[in-house]
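A.B. asks: I would like to see how this sequence folds:
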Amino acid sequence: MSFFENLKMALSSLRAHKMRSILTMLGIVIGVGAVIIVVAIGQGGEAMLKTQITGPGNTIEMFYQPSDEEMRANPNILLQAPFKQEDIRALEQIPEVKRVVASSTQMSAARFQKKSIDVSSTGVNQAYLQLNELKVAKGRNLSTADFLGGRRVGLISSKLQEELFKGNNPVGKIITVANQPIEIVGVLEKPSGLLAFGSMEVYLPFQTWKIIYGSSDFTQVTLQAASAEQLQTAGKKAANLLNKMHNTEKSYQVINMEEMAQGIGQVTKIMTLIIGSIAGISLFVGGIGVMNIMLVSVTERTREIGIRMALGATRGQVLTQFLIESMTLTLIGGIIGIFLGWGASGIVSFFAGWPSLISWQVVVGGVLFSMIIGVIFGILPANKASKLDPIESLRYE
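C.D. replies: Down below sits the predicted model:
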(Lines give C-alpha, C1' and ligand atoms only; values in the text may rest on other atoms or scores of the structure.)
Protein backbone atom coordinates (compact mmCIF):
# COMPACT_ATOMS: atom_id res chain seq x y z
CA MET A 1 0.00 0.00 0.00
CA SER A 2 1.40 3.40 -1.02
CA PHE A 3 1.92 6.42 1.22
CA PHE A 4 -0.97 8.31 -0.40
CA GLU A 5 -3.35 5.41 0.14
CA ASN A 6 -2.35 5.32 3.83
CA LEU A 7 -2.84 9.09 4.01
CA LYS A 8 -6.29 8.78 2.43
CA MET A 9 -7.24 6.11 4.97
CA ALA A 10 -5.94 8.30 7.81
CA LEU A 11 -8.03 11.29 6.71
CA SER A 12 -11.06 9.03 6.30
CA SER A 13 -10.59 7.73 9.86
CA LEU A 14 -10.28 11.27 11.24
CA ARG A 15 -13.45 12.35 9.44
CA ALA A 16 -15.31 9.34 10.82
CA HIS A 17 -14.66 10.58 14.37
CA LYS A 18 -14.70 14.36 13.91
CA MET A 19 -15.29 15.45 17.52
CA ARG A 20 -12.73 13.04 18.92
CA SER A 21 -10.16 14.11 16.35
CA ILE A 22 -10.77 17.80 17.06
CA LEU A 23 -10.41 17.37 20.82
CA THR A 24 -7.24 15.31 20.33
CA MET A 25 -5.73 17.94 18.04
CA LEU A 26 -6.60 20.70 20.52
CA GLY A 27 -3.63 19.86 22.73
CA ILE A 28 -1.27 20.06 19.75
CA VAL A 29 -2.90 23.29 18.53
CA ILE A 30 -2.49 24.96 21.93
CA GLY A 31 1.07 23.70 22.35
CA VAL A 32 2.34 24.81 18.94
CA GLY A 33 0.39 28.07 19.15
CA ALA A 34 1.87 28.85 22.58
CA VAL A 35 5.43 28.26 21.37
CA ILE A 36 4.88 30.42 18.26
CA ILE A 37 3.40 33.24 20.37
CA VAL A 38 6.25 33.18 22.90
CA VAL A 39 8.97 33.12 20.24
CA ALA A 40 7.32 35.82 18.10
CA ILE A 41 6.73 38.16 21.02
CA GLY A 42 10.23 37.48 22.34
CA GLN A 43 11.86 38.28 19.01
CA GLY A 44 9.67 41.34 18.50
CA GLY A 45 10.43 42.60 22.00
CA GLU A 46 14.14 42.05 21.43
CA ALA A 47 14.03 44.04 18.16
CA MET A 48 12.13 46.88 19.83
CA LEU A 49 14.52 46.90 22.78
CA LYS A 50 17.54 47.10 20.50
CA THR A 51 15.94 49.93 18.52
CA GLN A 52 15.16 51.86 21.68
CA ILE A 53 18.71 51.47 22.98
CA THR A 54 20.72 52.00 19.81
CA GLY A 55 18.53 54.66 18.23
CA PRO A 56 18.72 55.18 14.46
CA GLY A 57 22.04 53.30 14.24
CA ASN A 58 25.82 53.61 14.25
CA THR A 59 25.79 55.59 17.49
CA ILE A 60 28.31 55.81 20.32
CA GLU A 61 27.48 57.31 23.69
CA MET A 62 30.29 59.28 25.34
CA PHE A 63 30.59 59.54 29.11
CA TYR A 64 32.93 61.06 31.65
CA GLN A 65 34.28 59.10 34.62
CA PRO A 66 36.78 61.21 36.58
CA SER A 67 39.83 59.56 38.13
CA ASP A 68 40.49 59.48 41.87
CA GLU A 69 42.99 62.32 41.50
CA GLU A 70 40.39 64.49 39.74
CA MET A 71 37.81 63.69 42.43
CA ARG A 72 40.22 64.69 45.19
CA ALA A 73 41.15 67.90 43.38
CA ASN A 74 37.49 68.83 42.76
CA PRO A 75 34.88 66.97 44.88
CA ASN A 76 32.04 68.64 42.90
CA ILE A 77 33.34 67.54 39.53
CA LEU A 78 30.48 65.09 38.95
CA LEU A 79 27.98 67.95 39.30
CA GLN A 80 29.58 69.85 36.43
CA ALA A 81 28.80 69.36 32.72
CA PRO A 82 31.70 67.37 31.25
CA PHE A 83 31.55 68.57 27.62
CA LYS A 84 32.35 72.07 26.41
CA GLN A 85 31.55 73.76 23.10
CA GLU A 86 35.16 73.46 21.95
CA ASP A 87 34.87 69.70 22.59
CA ILE A 88 31.93 69.52 20.21
CA ARG A 89 33.75 71.48 17.53
CA ALA A 90 36.80 69.23 17.87
CA LEU A 91 34.73 66.04 17.66
CA GLU A 92 33.05 67.30 14.50
CA GLN A 93 36.46 67.37 12.80
CA ILE A 94 37.01 63.60 13.18
CA PRO A 95 36.64 62.12 9.65
CA GLU A 96 34.76 59.02 10.81
CA VAL A 97 32.16 61.07 12.73
CA LYS A 98 29.04 61.98 10.77
CA ARG A 99 27.22 63.91 13.51
CA VAL A 100 27.88 65.08 17.04
CA VAL A 101 24.62 65.14 18.97
CA ALA A 102 24.88 67.32 22.06
CA SER A 103 22.36 68.25 24.71
CA SER A 104 22.09 69.62 28.24
CA THR A 105 19.35 68.93 30.74
CA GLN A 106 18.23 70.84 33.82
CA MET A 107 15.27 70.40 36.12
CA SER A 108 13.22 73.60 36.32
CA ALA A 109 9.74 74.89 37.04
CA ALA A 110 7.48 75.53 34.05
CA ARG A 111 4.62 77.94 34.72
CA PHE A 112 1.48 78.82 32.80
CA GLN A 113 -0.83 81.35 34.39
CA LYS A 114 -1.13 80.16 38.01
CA LYS A 115 -0.06 76.55 37.52
CA SER A 116 3.55 75.44 37.97
CA ILE A 117 5.07 72.02 37.23
CA ASP A 118 8.61 70.67 37.53
CA VAL A 119 9.92 69.74 34.09
CA SER A 120 13.05 68.42 32.44
CA SER A 121 14.38 71.28 30.31
CA THR A 122 16.70 70.09 27.54
CA GLY A 123 18.77 72.27 25.27
CA VAL A 124 19.66 70.54 22.00
CA ASN A 125 21.74 71.30 18.96
CA GLN A 126 20.43 70.87 15.42
CA ALA A 127 22.13 67.47 15.02
CA TYR A 128 19.96 66.20 17.88
CA LEU A 129 16.83 66.67 15.77
CA GLN A 130 18.49 65.10 12.72
CA LEU A 131 19.36 61.93 14.65
CA ASN A 132 16.44 61.51 17.04
CA GLU A 133 13.69 62.89 14.80
CA LEU A 134 11.38 64.43 17.39
CA LYS A 135 7.91 63.92 15.91
CA VAL A 136 5.48 66.78 16.35
CA ALA A 137 1.75 66.12 16.77
CA LYS A 138 0.69 69.79 16.89
CA GLY A 139 2.37 72.94 15.59
CA ARG A 140 5.84 72.76 14.05
CA ASN A 141 9.30 71.50 14.86
CA LEU A 142 12.29 73.63 15.75
CA SER A 143 13.76 75.27 12.64
CA THR A 144 17.26 76.24 11.56
CA ALA A 145 16.39 79.89 12.23
CA ASP A 146 15.41 78.98 15.80
CA PHE A 147 18.85 77.45 16.40
CA LEU A 148 20.86 80.18 14.69
CA GLY A 149 18.90 83.07 16.21
CA GLY A 150 18.52 81.59 19.68
CA ARG A 151 14.79 82.27 19.58
CA ARG A 152 12.80 81.82 22.75
CA VAL A 153 10.72 78.96 21.41
CA GLY A 154 10.34 75.36 22.48
CA LEU A 155 8.64 71.99 22.11
CA ILE A 156 6.77 70.32 24.96
CA SER A 157 5.84 66.69 25.57
CA SER A 158 2.26 65.47 25.31
CA LYS A 159 2.31 64.67 29.04
CA LEU A 160 3.20 68.27 29.88
CA GLN A 161 0.39 69.48 27.61
CA GLU A 162 -2.09 67.33 29.54
CA GLU A 163 -0.88 68.50 32.94
CA LEU A 164 -0.21 72.18 32.28
CA PHE A 165 -2.91 72.94 29.69
CA LYS A 166 -5.45 70.22 30.59
CA GLY A 167 -5.22 68.84 27.05
CA ASN A 168 -5.98 72.15 25.29
CA ASN A 169 -3.87 73.24 22.32
CA PRO A 170 -0.87 75.14 23.72
CA VAL A 171 0.71 76.16 20.40
CA GLY A 172 1.38 79.89 20.42
CA LYS A 173 1.00 80.17 24.20
CA ILE A 174 3.74 81.60 26.42
CA ILE A 175 5.08 79.67 29.40
CA THR A 176 7.95 80.50 31.71
CA VAL A 177 10.82 78.06 32.16
CA ALA A 178 13.20 78.99 34.98
CA ASN A 179 11.31 82.33 35.07
CA GLN A 180 12.12 83.00 31.40
CA PRO A 181 9.34 83.36 28.76
CA ILE A 182 9.18 80.63 26.09
CA GLU A 183 6.70 80.40 23.21
CA ILE A 184 5.41 76.90 22.53
CA VAL A 185 5.70 76.16 18.82
CA GLY A 186 4.93 72.43 18.90
CA VAL A 187 3.72 69.46 20.93
CA LEU A 188 5.51 66.14 20.57
CA GLU A 189 3.68 62.93 19.73
CA LYS A 190 2.81 60.63 22.58
CA PRO A 191 5.68 58.16 22.97
CA SER A 192 5.14 54.46 22.33
CA GLY A 193 7.22 51.34 22.68
CA LEU A 194 8.90 49.24 25.33
CA LEU A 195 10.95 52.01 26.93
CA ALA A 196 8.44 54.81 26.42
CA PHE A 197 7.42 56.71 29.52
CA GLY A 198 5.31 59.83 29.65
CA SER A 199 7.43 62.62 31.14
CA MET A 200 7.30 66.37 31.58
CA GLU A 201 9.76 67.70 29.00
CA VAL A 202 10.62 70.94 27.28
CA TYR A 203 13.05 71.04 24.33
CA LEU A 204 14.81 74.32 23.54
CA PRO A 205 17.41 75.43 20.97
CA PHE A 206 20.75 75.25 22.76
CA GLN A 207 21.47 78.97 22.31
CA THR A 208 18.19 79.72 24.07
CA TRP A 209 18.94 77.16 26.80
CA LYS A 210 22.39 78.76 27.31
CA ILE A 211 20.88 82.21 27.81
CA ILE A 212 18.29 80.93 30.30
CA TYR A 213 20.69 78.91 32.44
CA GLY A 214 23.91 80.82 31.83
CA SER A 215 25.87 77.71 30.84
CA SER A 216 27.52 76.79 27.55
CA ASP A 217 28.46 73.23 28.53
CA PHE A 218 26.82 69.96 27.50
CA THR A 219 25.83 67.09 29.78
CA GLN A 220 25.39 64.45 27.07
CA VAL A 221 27.17 63.76 23.79
CA THR A 222 26.37 61.04 21.25
CA LEU A 223 28.45 60.38 18.15
CA GLN A 224 27.03 58.97 14.94
CA ALA A 225 29.63 57.25 12.80
CA ALA A 226 29.59 57.55 9.03
CA SER A 227 29.23 53.73 8.78
CA ALA A 228 29.06 50.69 11.04
CA GLU A 229 32.61 49.71 10.02
CA GLN A 230 33.94 53.06 11.28
CA LEU A 231 32.12 52.87 14.62
CA GLN A 232 35.03 51.51 16.66
CA THR A 233 37.58 53.81 15.05
CA ALA A 234 35.40 56.89 15.63
CA GLY A 235 34.93 55.95 19.29
CA LYS A 236 38.64 55.46 19.95
CA LYS A 237 39.59 58.71 18.20
CA ALA A 238 36.90 60.66 20.09
CA ALA A 239 37.97 59.34 23.50
CA ASN A 240 41.67 59.94 22.80
CA LEU A 241 40.97 63.46 21.54
CA LEU A 242 38.95 64.53 24.59
CA ASN A 243 41.39 62.96 27.05
CA LYS A 244 44.22 64.83 25.35
CA MET A 245 42.29 68.13 25.33
CA HIS A 246 41.41 67.84 29.03
CA ASN A 247 44.79 66.41 30.06
CA THR A 248 43.32 63.18 31.42
CA GLU A 249 44.21 59.54 30.82
CA LYS A 250 40.98 57.54 30.55
CA SER A 251 38.32 59.82 32.03
CA TYR A 252 36.52 60.22 28.70
CA GLN A 253 35.23 56.91 27.38
CA VAL A 254 32.64 55.61 24.92
CA ILE A 255 29.82 53.10 25.10
CA ASN A 256 29.08 51.16 21.92
CA MET A 257 25.28 51.01 22.03
CA GLU A 258 25.24 48.23 19.43
CA GLU A 259 27.33 45.98 21.68
CA MET A 260 25.11 46.80 24.66
CA ALA A 261 22.02 45.96 22.62
CA GLN A 262 23.57 42.65 21.54
CA GLY A 263 24.27 41.78 25.17
CA ILE A 264 20.69 42.53 26.15
CA GLY A 265 19.54 40.56 23.09
CA GLN A 266 21.35 37.50 24.43
CA VAL A 267 19.45 37.81 27.71
CA THR A 268 16.09 38.12 25.95
CA LYS A 269 16.91 35.07 23.78
CA ILE A 270 17.63 32.99 26.88
CA MET A 271 14.39 34.15 28.52
CA THR A 272 12.46 33.38 25.33
CA LEU A 273 14.02 29.91 25.22
CA ILE A 274 13.10 29.22 28.85
CA ILE A 275 9.50 30.44 28.50
CA GLY A 276 9.16 28.68 25.14
CA SER A 277 10.34 25.43 26.73
CA ILE A 278 7.69 25.78 29.42
CA ALA A 279 5.07 26.39 26.75
CA GLY A 280 6.38 23.31 24.95
CA ILE A 281 5.29 21.15 27.88
CA SER A 282 1.74 21.46 26.56
CA LEU A 283 2.97 19.77 23.36
CA PHE A 284 4.10 16.81 25.45
CA VAL A 285 0.69 16.67 27.12
CA GLY A 286 -0.97 16.89 23.70
CA GLY A 287 1.23 14.02 22.48
CA ILE A 288 0.05 11.82 25.34
CA GLY A 289 -3.53 12.61 24.30
CA VAL A 290 -2.73 11.53 20.75
CA MET A 291 -1.23 8.26 22.00
CA ASN A 292 -4.29 7.60 24.17
CA ILE A 293 -6.72 8.16 21.29
CA MET A 294 -4.65 6.05 18.92
CA LEU A 295 -4.70 3.17 21.43
CA VAL A 296 -8.48 3.50 21.57
CA SER A 297 -8.58 3.54 17.77
CA VAL A 298 -6.51 0.35 17.58
CA THR A 299 -8.90 -1.38 19.99
CA GLU A 300 -11.95 -0.24 18.03
CA ARG A 301 -10.46 -1.38 14.70
CA THR A 302 -9.14 -4.74 15.84
CA ARG A 303 -11.43 -6.63 13.45
CA GLU A 304 -10.44 -4.34 10.56
CA ILE A 305 -6.76 -5.00 11.29
CA GLY A 306 -7.44 -8.75 11.35
CA ILE A 307 -9.15 -8.64 7.96
CA ARG A 308 -6.25 -6.66 6.44
CA MET A 309 -3.66 -9.07 7.79
CA ALA A 310 -5.74 -12.10 6.63
CA LEU A 311 -5.73 -10.57 3.13
CA GLY A 312 -1.94 -10.38 3.13
CA ALA A 313 -1.05 -7.09 4.88
CA THR A 314 2.33 -7.33 6.56
CA ARG A 315 3.19 -6.18 10.06
CA GLY A 316 5.22 -3.29 8.59
CA GLN A 317 2.23 -2.11 6.51
CA VAL A 318 -0.06 -2.05 9.56
CA LEU A 319 2.62 -0.23 11.56
CA THR A 320 3.03 2.35 8.78
CA GLN A 321 -0.74 2.86 8.51
CA PHE A 322 -1.18 3.83 12.15
CA LEU A 323 2.02 5.90 12.25
CA ILE A 324 0.81 7.94 9.26
CA GLU A 325 -2.59 8.36 10.92
CA SER A 326 -0.96 9.60 14.13
CA MET A 327 1.38 11.89 12.20
CA THR A 328 -1.50 13.30 10.13
CA LEU A 329 -3.43 14.08 13.30
CA THR A 330 -0.54 16.00 14.87
CA LEU A 331 0.47 17.69 11.59
CA ILE A 332 -3.00 19.17 11.06
CA GLY A 333 -3.03 20.32 14.68
CA GLY A 334 0.45 21.84 14.26
CA ILE A 335 -0.53 23.80 11.14
CA ILE A 336 -3.65 25.16 12.86
CA GLY A 337 -1.49 26.03 15.89
CA ILE A 338 0.95 27.98 13.70
CA PHE A 339 -1.84 30.13 12.25
CA LEU A 340 -3.33 30.58 15.73
CA GLY A 341 0.02 31.64 17.15
CA TRP A 342 0.69 33.92 14.18
CA GLY A 343 -2.61 35.74 14.64
CA ALA A 344 -2.40 35.95 18.44
CA SER A 345 1.18 37.26 18.41
CA GLY A 346 0.16 39.87 15.84
CA ILE A 347 -2.65 41.11 18.10
CA VAL A 348 -0.40 41.22 21.18
CA SER A 349 2.35 43.02 19.26
CA PHE A 350 -0.15 45.54 17.86
CA PHE A 351 -1.30 46.59 21.32
CA ALA A 352 2.22 46.42 22.77
CA GLY A 353 3.63 48.61 20.00
CA TRP A 354 6.43 46.34 18.82
CA PRO A 355 6.91 44.22 15.69
CA SER A 356 5.78 40.59 15.58
CA LEU A 357 8.72 38.68 14.17
CA ILE A 358 7.96 35.13 13.06
CA SER A 359 10.89 33.58 11.23
CA TRP A 360 10.47 30.78 8.70
CA GLN A 361 12.70 28.62 10.92
CA VAL A 362 10.08 28.78 13.68
CA VAL A 363 7.26 27.88 11.27
CA VAL A 364 9.17 24.96 9.73
CA GLY A 365 10.26 23.87 13.19
CA GLY A 366 6.65 23.89 14.38
CA VAL A 367 5.54 21.70 11.47
CA LEU A 368 8.43 19.24 11.85
CA PHE A 369 8.02 19.09 15.63
CA SER A 370 4.34 18.26 15.22
CA MET A 371 5.22 15.43 12.85
CA ILE A 372 7.89 14.12 15.22
CA ILE A 373 5.39 14.09 18.08
CA GLY A 374 3.02 12.10 15.88
CA VAL A 375 5.73 9.53 15.20
CA ILE A 376 6.96 9.30 18.80
CA PHE A 377 3.54 9.00 20.42
CA GLY A 378 2.18 6.88 17.57
CA ILE A 379 4.82 4.16 17.82
CA LEU A 380 3.21 2.37 20.80
CA PRO A 381 -0.33 2.18 19.32
CA ALA A 382 1.03 1.30 15.86
CA ASN A 383 3.27 -1.39 17.30
CA LYS A 384 0.34 -2.82 19.26
CA ALA A 385 -1.76 -2.92 16.10
CA SER A 386 1.00 -4.64 14.08
CA LYS A 387 1.40 -7.37 16.73
CA LEU A 388 -2.26 -8.39 16.77
CA ASP A 389 -2.93 -12.01 15.86
CA PRO A 390 -5.06 -12.14 12.68
CA ILE A 391 -7.23 -15.07 13.90
CA GLU A 392 -7.88 -13.48 17.30
CA SER A 393 -8.58 -10.16 15.62
CA LEU A 394 -11.21 -11.71 13.34
CA ARG A 395 -12.96 -13.15 16.40
CA TYR A 396 -13.00 -9.71 18.11
CA GLU A 397 -16.49 -8.20 18.46
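
A.B. asks: Would you report the backbone torsion angles of residue 99?
C.D. replies: With angles defined as degrees, to the nearest 10, residue 99 sits at phi -140, psi 150.

A.B. asks: wait, doesn't it sit right on residue 130?
C.D. replies: Yes. With contact defined as CB atoms under 8 Å, residue 99 reaches residue 130; the gap is 6.4 Å. To be clear about C-beta, it is placed using only N, CA and C from the backbone, and glycine gets the same treatment.

A.B. asks: ok, those two, which is more surrounded?
C.D. replies: residue 99 (20 against 13; other CB atoms under 10 Å).

A.B. asks: Show me what the more buried one bridges to in the sheet.
C.D. replies: residue 224 (DSSP bridges).

A.B. asks: buried stuff in stretch 131-140?
C.D. replies: 131, 134, 138, 139 (16 or more other CB atoms under 10 Å).

A.B. asks: Contacts for whichever helix or strand the first one is part of, please.
C.D. replies: If I follow you right, that is residue 131. Residue 131 belongs to helix 126-132 when elements are defined using DSSP states H and E. Counting contacts by CB atoms under 8 Å, 6 or more residues apart in numbering, the residues outside helix 126-132 that touch it are 55-56, 59, 99-103, 141-142, 144, 147, 222, 224.

A.B. asks: In TSV, list the residues you listed along with distance to residue 343 and pLDDT.
C.D. replies: Putting those into TSV (distance: CB to CB, whole Å; pLDDT from 0 to 100) gives the following:
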residue	distance to residue 343	pLDDT
55	31	53
56	31	54
59	35	77
99	41	86
100	45	88
101	40	87
102	45	88
103	42	89
141	38	91
142	42	91
144	47	89
147	47	90
222	39	86
224	38	84
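
A.B. asks: okay if I get those as a markdown table plus secondary structure and distance to residue 125?
C.D. replies: Shown next, in a markdown table, are those (DSSP: H, G, I helix; E, B strand; the rest coil; distance: CB to CB, whole Å):
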| residue | secondary structure | distance to residue 125 |
| --- | --- | --- |
| 55 | coil | 16 |
| 56 | coil | 16 |
| 59 | strand | 15 |
| 99 | strand | 9 |
| 100 | strand | 8 |
| 101 | strand | 7 |
| 102 | strand | 5 |
| 103 | strand | 7 |
| 141 | coil | 14 |
| 142 | coil | 10 |
| 144 | helix | 11 |
| 147 | helix | 7 |
| 222 | strand | 11 |
| 224 | strand | 13 |
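
A.B. asks: any idea which of those residues is the one closest to residue 271?
C.D. replies: Within those, proximity to residue 271 (CB to CB) peaks at residue 55, which comes in at 23.4 Å.

A.B. asks: Which parts of the chain are helices?
C.D. replies: For the chain, applying DSSP state H gives helices covering 3-16, 18-54, 68-73, 85-91, 126-132, 144-149, 158-165, 206-213, 231-245, 257-300, 302-310, 315-352, 360-386, 390-395.

A.B. asks: Of the ones you listed, which is nearest residue 179?
C.D. replies: helix 206-213 (8.7 Å).

A.B. asks: same for the closest one, what does it pack against?
C.D. replies: strand 97-112, strand 115-124, helix 144-149, strand 180-188 (3 or more CB pairs under 8 Å, 6 or more residues apart in numbering; DSSP states H and E).

A.B. asks: residues making contact with the third one?
C.D. replies: With contacts defined as CB under 8 Å, 6+ apart, helix 144-149 is touched by 125, 126, 151, 153, 185, 205, 206, 207, 208.

A.B. asks: which parts of that helix are buried?
C.D. replies: Applying 16+ other CB under 10 Å to helix 144-149 flags 146, 147 as buried.

A.B. asks: on that earlier part again, can you put the contacts of helix 144-149 in CSV and add pLDDT?
C.D. replies: Compiled in CSV, the contacts of helix 144-149 are given as follows (pLDDT from 0 to 100):
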residue, pLDDT
125, 88
126, 86
151, 92
153, 94
185, 93
205, 93
206, 91
207, 90
208, 92
